[in-house]
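K.L.:
quick check, what structure comes out for this input:
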Amino acid sequence: MEGLATGGNRFYIILLVIFLRYVILASIAFSIFYYARKNAWSFKKIQRKFPALSDYQREFLYSASTAVIFAGLGYLLFLGPIAKYTMIYRDIHAHSLTYFFFSVALILIVHDTYFYWTHRLMHHPRLFKYFHKVHHLSTNPSPWAAMAFHPLEAVVEFGIVAVASFLFPLHPLAIGLFLLIMMLYNVYGHLGYELYPKNFSKSTVGKWINTSINHNQHHEHFIGNYGLYFLWWDRWMGTLRKDYDQRFDEVKGRLPNT
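P.N.:
Have a look, this model is predicted:
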């Protein structure tokens, strides 16, 4: 019974970390862009219209359910019987500090590839309504949409952690840092505002980096722009929207009172 109680406590700790990370980051973004500076910065909003209260509520509730699913799967992966078969290491000195940060960068690159192809797959007509439709109910997303997934999609989204854990050595802190970066970029991607500067999309570096405008176009039109952190798969596979640069210039070229 003591073991069960300890296991239950660990599950709730994992759940609390996942949920608070989402709530804190989404709350900061929402408080600034959708409340404190809503009127002053409204001309900068990618889609000028603001979502309805019901949209925010739906996004929050689905994100909360995703947190529960992530916590359950995380518990099974890190603390369950399959943990011994992964390449997760707990002694921070087992690998160098250089490798620690390299592993974080590596999982981000692997995740971008994983996300692009699973994302495109979930847009297949036979799968879309079962996996991805819930997320696309947010045609004009807010920061609360960062984890607003159908339970089946939530399982797919968690899959990158499981895949990476069997591919190369990962310390739990490296996974935690990766998940923090992922959440930051998910909140930014669904922010509804563009933080990168004017002409960024055409710059040498910027043409390979995903932006809030790019992902907002995906939510608005459903077709194209499937990447997460980077745009190389979209460019290589010809799925980058033709009007992306034009849309970026239009949004970043707006002036107050226009």
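K.L.:
next SSE downstream of whichever strand or helix holds I109?
P.N.:
Taking DSSP states H and E as the definition, I109 sits inside helix 97-122. Once helix 97-122 ends, the next helix or strand along the chain (criterion: DSSP H and E) is helix 125-131.
K.L.:
counting by contacts, list what that next one packs against.
P.N.:
Other helices and strands packing on helix 125-131, by 3 or more C-beta pairs under 8 Å, 6 or more residues apart in numbering; DSSP states H and E, are helix 97-122, helix 151-167. Where you see a C-beta, it was placed from the backbone N, CA and C, and this is true even at glycine.
K.L.:
please identify the most buried of the ones you listed.
P.N.:
Mean neighbour count (mean count of other C-beta atoms under 10 Å) peaks for helix 151-167 among these, with a mean of 18.
K.L.:
now the angle from it to helix 97-122?
P.N.:
140 degrees (axes from the mean of the first three to the mean of the last three C-alpha atoms, to 10 degrees).
K.L.:
C-alpha coordinates for helix 151-167, PDB please?
P.N.:
The C-alpha coordinates for helix 151-167 follow below in PDB (Å, rounded to 0.1, in the frame of the first residue of the first chain):
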ATOM      1  CA  PRO A 151      -6.900  12.600 -26.200                       C
ATOM      2  CA  LEU A 152      -5.700  10.500 -29.100                       C
ATOM      3  CA  GLU A 153      -3.600  13.400 -30.400                       C
ATOM      4  CA  ALA A 154      -2.300  13.900 -26.900                       C
ATOM      5  CA  VAL A 155      -0.900  10.400 -27.000                       C
ATOM      6  CA  VAL A 156       0.700  11.100 -30.400                       C
ATOM      7  CA  GLU A 157       2.200  14.300 -29.100                       C
ATOM      8  CA  PHE A 158       3.700  12.600 -26.100                       C
ATOM      9  CA  GLY A 159       5.200  10.000 -28.400                       C
ATOM     10  CA  ILE A 160       8.300  12.100 -29.100                       C
ATOM     11  CA  VAL A 161       9.400  11.700 -25.400                       C
ATOM     12  CA  ALA A 162       9.100   7.900 -25.600                       C
ATOM     13  CA  VAL A 163      10.800   7.700 -29.000                       C
ATOM     14  CA  ALA A 164      13.700   9.900 -28.000                       C
ATOM     15  CA  SER A 165      14.100   7.900 -24.700                       C
ATOM     16  CA  PHE A 166      14.800   4.800 -26.700                       C
ATOM     17  CA  LEU A 167      17.100   6.500 -29.300                       C
END
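K.L.:
residues in contact with it?
P.N.:
By C-beta atoms under 8 Å, 6 or more residues apart in numbering, the surrounding residues in contact with helix 151-167 are 65-66, 69-70, 73-74, 77, 85-88, 107, 110-111, 114-115, 118, 122, 130-132, 134-135, 147, 149, 170, 175, 179.
K.L.:
swap in 7 Å and give it another go.
P.N.:
With contact meaning C-beta atoms under 7 Å, 6 or more residues apart in numbering, helix 151-167 is reached by 65-66, 69-70, 73, 77, 86-88, 107, 110-111, 114, 118, 122, 130-132, 134-135, 149, 170, 175.
K.L.:
to V17, which of the helices and strands packed on helix 125-131 lies closest?
P.N.:
For the helices and strands packed on helix 125-131, proximity to V17 was assessed by C-beta to C-beta; helix 151-167 is nearest, at 13.5 Å.
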